[in-house]
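Visitor: build me a structure from this.
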Amino acid sequence: KIHEYVYSADDYNRLTETTILRFLRGRKGDIEVAFNAIVRYIQWRKENVDLLDMNAVDEFKKLGVGNVDSFDVNGRPCIHIIVKKYNKNTRDLNQTRSYIIYLLEEALKKANPVEEKLTLLFDMEGFSLYCMDYEITKILVDILSYNYPETLDTAVIISAPMVFTGFWMIIKPWLDPVTAAKVQFIKKSNIQNFARIEE
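Guide: Residues are numbered from 1 along each chain as shown. Next up, the predicted model:
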């Protein structure tokens, strides 16, 4: 039935069957809400993905903060974030936001089209207060929620120091309970149980 709604949207042919189902699941099966979310998503892609600032992406890429360099144990692409290379005091908001979108798009290109799922790996080794950027974290949460629903399989937090506990207590309420349940905290020595990292 969702197709009856979506067929009337512009650029329907840009959406895969899996994408439509993701939005429907992400909106708890509410057809009208899912349809409105898809229409908004189509416009968002025109303004943000089609017009992605690749100069900003290239500049941020030089920092070596994140890449899509591996797959998890189930064959899903991993976005690997090395947190210690990020500094909230020197980052450029547009570059960082553009790079988030770029990484998500690159990961989904490598994902199984039947499920369109990915894994986030946050390597917290060397984490400091300079790495904790609430504004960018909220942007990441919102981009995933509104534009990439049901793409996250697991978010793995690797070797988080005790100081991160306080930050997590602030971040967790931003997440849907289903999403929050996908977050796992592990030691670096256990990473091979989740993903095959290319050294």
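Visitor: how about the spatially closest residue to Thr16 that is not a sequence neighbour, secondary structure?
Guide: Spatial nearest neighbour of Thr16, chain neighbours left out: Pro113 (6.6 Å); criterion: Cβ to Cβ, 6 or more residues apart in numbering. (Glycine included, C-beta is placed from N, CA and C.) Under DSSP: H, G, I helix; E, B strand; the rest coil, Pro113 falls in the coil class.
Visitor: what is the neighbour count of Pro113?
Guide: Around Pro113 there are 11 other residues, counting by other Cβ atoms under 10 Å.
Visitor: could you pull out the strands for this structure?
Guide: Remark: strands assigned in the chain by DSSP state E are 66-72, 77-82, 118-123, 152-158, 183-186, 195-196.
Visitor: circling back: so the residue nearest to Thr16 touches Leu21, yeah?
Guide: No - in this structure, Pro113 is not within contact of Leu21 by Cβ atoms under 8 Å, at 11.9 Å.
Visitor: circling back to that earlier point, so which of the strands of the chain is the most packed in?
Guide: By mean neighbour count, with neighbours taken as mean count of other Cβ atoms under 10 Å, strand 118-123 ranks first of these at a mean of 23.
Visitor: Arg196 and Met132, how far apart?
Guide: 28 Å (Cβ to Cβ, to the nearest Å).
Visitor: please apply the same query to Val68.
Guide: According to Cβ to Cβ, Val68 and Met132 sit 23 Å apart.
Visitor: got it, and Val83?
Guide: Going from Val83 to Met132 by Cβ to Cβ gives 9 Å.
Visitor: which one of those two has more residues nearby?
Guide: Between Val83 and Met132, counting by other Cβ under 10 Å, Val83 is the more crowded of the two (23 against 18).
Visitor: how near is the nearest residue to that one once chain neighbours are set aside to Thr137?
Guide: Residue nearest to Val83 in three dimensions, not counting chain neighbours: Cys131, with 4.9 Å by Cβ to Cβ, 6+ apart. Per Cβ to Cβ, Cys131 is found 11 Å from Thr137.
Visitor: neighbour count winner among those two?
Guide: Counted by other Cβ under 10 Å, Cys131 and Thr137 do not tie: Cys131 has more neighbours, with 20 against 15.
Visitor: how about the helices in the chain?
Guide: Ranges of helices in the chain, per DSSP state H, are 2-6, 17-26, 31-48, 54-61, 93-110, 134-147, 164-171, 177-180.
Visitor: C-alpha coordinates for stretch 54-66, PDB please?
Guide: Output in PDB follows, covering the C-alpha atoms of stretch 54-66 (Å, rounded to 0.1, in the frame of the first residue of the first chain):
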ATOM      1  CA  MET A  54      33.300  17.500  -2.600                       C
ATOM      2  CA  ASN A  55      35.900  20.200  -1.900                       C
ATOM      3  CA  ALA A  56      34.700  20.100   1.700                       C
ATOM      4  CA  VAL A  57      34.800  16.300   1.700                       C
ATOM      5  CA  ASP A  58      38.400  16.300   0.300                       C
ATOM      6  CA  GLU A  59      39.600  18.800   2.900                       C
ATOM      7  CA  PHE A  60      38.100  16.800   5.800                       C
ATOM      8  CA  LYS A  61      39.400  13.500   4.400                       C
ATOM      9  CA  LYS A  62      43.000  14.800   4.900                       C
ATOM     10  CA  LEU A  63      42.500  14.500   8.600                       C
ATOM     11  CA  GLY A  64      42.200  10.800   8.500                       C
ATOM     12  CA  VAL A  65      39.300  10.800  10.900                       C
ATOM     13  CA  GLY A  66      37.000   8.300   9.200                       C
END
